[in-house]
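Peer 1: predicted model follows, preceded by the sequence.
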Amino acid sequence: MGIASLVLVGGALWFGTGTAPGVSPVTPPGVVHAENGADVVITVHVSGPVVVPGVVAVPEGSRVADVVAAAGGATRDADLGRLNLAAPVRDGEQVVVPAVADTASGGTPPTRFDINTADEAAFQALPGIGPVIAERIVTYRDEHGPFETLESLLDVPGIGESKLDAIRTALDGE
């Protein structure tokens, strides 16, 4: 009975921790730990000519190059020369990878648009955003802190679903 209990307790400890007794887990390079020991992961939206556009999770301290890699890498339509691959990214940020076609047509869509650092002029370049709404966005951000997601713009007076959809479409290049 005593040996069976010892085996059960030992097995529960082994399976409960996910590692064998005496073995330390290895942290992948580039992963940052919070004070409580948990890995700090940030969420970034990547769009444009990448293999799997959408929301990706990367370790805190990641760069644009890491975000593009997490999205499966750039396709051959991507113009990575117009993107600062060494730039650090923050949680909730959007990275827009420009397409070669954008360069050939003479267009200059934003390669990165961070709603938490953009000034009024940058917001006015978006469809449906004039000087009044741009000022409201910046004022709201200054008073309430950074936006968690693009959808957080709905909290700004004057921005509804249709205006947010137009902004999202412009940033995604669709």
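Peer 2: Perfect, thanks for sending it. Here the structure is a predicted model, which means the values were calculated and not measured. Numbering: from 1, shown residues only.

Peer 1: which strand of this structure spans the most residues?
Peer 2: In the chain, assigned by DSSP state E, the strand with the most residues is strand 39-47.

Peer 1: can you dump the C-alpha atoms of that one in CSV for me?
Peer 2: In CSV, the C-alpha atoms belonging to strand 39-47 read as follows (Å, rounded to 0.1, in the frame of the first residue of the first chain):
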residue,chain,number,x,y,z
ASP,A,39,6.4,34.3,-20.3
VAL,A,40,5.4,37.8,-21.5
VAL,A,41,3.7,37.5,-24.9
ILE,A,42,2.3,40.4,-26.9
THR,A,43,-0.3,40.3,-29.7
VAL,A,44,0.3,42.1,-33.0
HIS,A,45,-1.9,42.3,-36.1
VAL,A,46,0.1,41.8,-39.3
SER,A,47,-1.4,42.4,-42.7
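
Peer 1: strand partners (parallel or antiparallel) of whichever helix or strand comes after that strand?
Peer 2: Next in sequence after strand 39-47, counting helices and strands by DSSP states H and E, comes strand 54-59. Partner strands for strand 54-59, per DSSP bridges, with pairing direction: strand 39-47 (antiparallel).

Peer 1: can you give me the buried ones in the strand it pairs with?
Peer 2: Neighbour counts over strand 39-47 (16 or more other Cβ atoms under 10 Å) mark 42, 44-47 as buried. For glycine as for every other residue, the C-beta is placed from the backbone atoms N, C-alpha and C.

Peer 1: is it possible to get JSON lines of those that adds distance to I167?
Peer 2: Listed next are the buried residues of strand 39-47 as JSON lines, based on distance: Cβ to Cβ, whole Å:
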{"residue": "I42", "distance to I167": "22"}
{"residue": "V44", "distance to I167": "18"}
{"residue": "H45", "distance to I167": "13"}
{"residue": "V46", "distance to I167": "17"}
{"residue": "S47", "distance to I167": "13"}
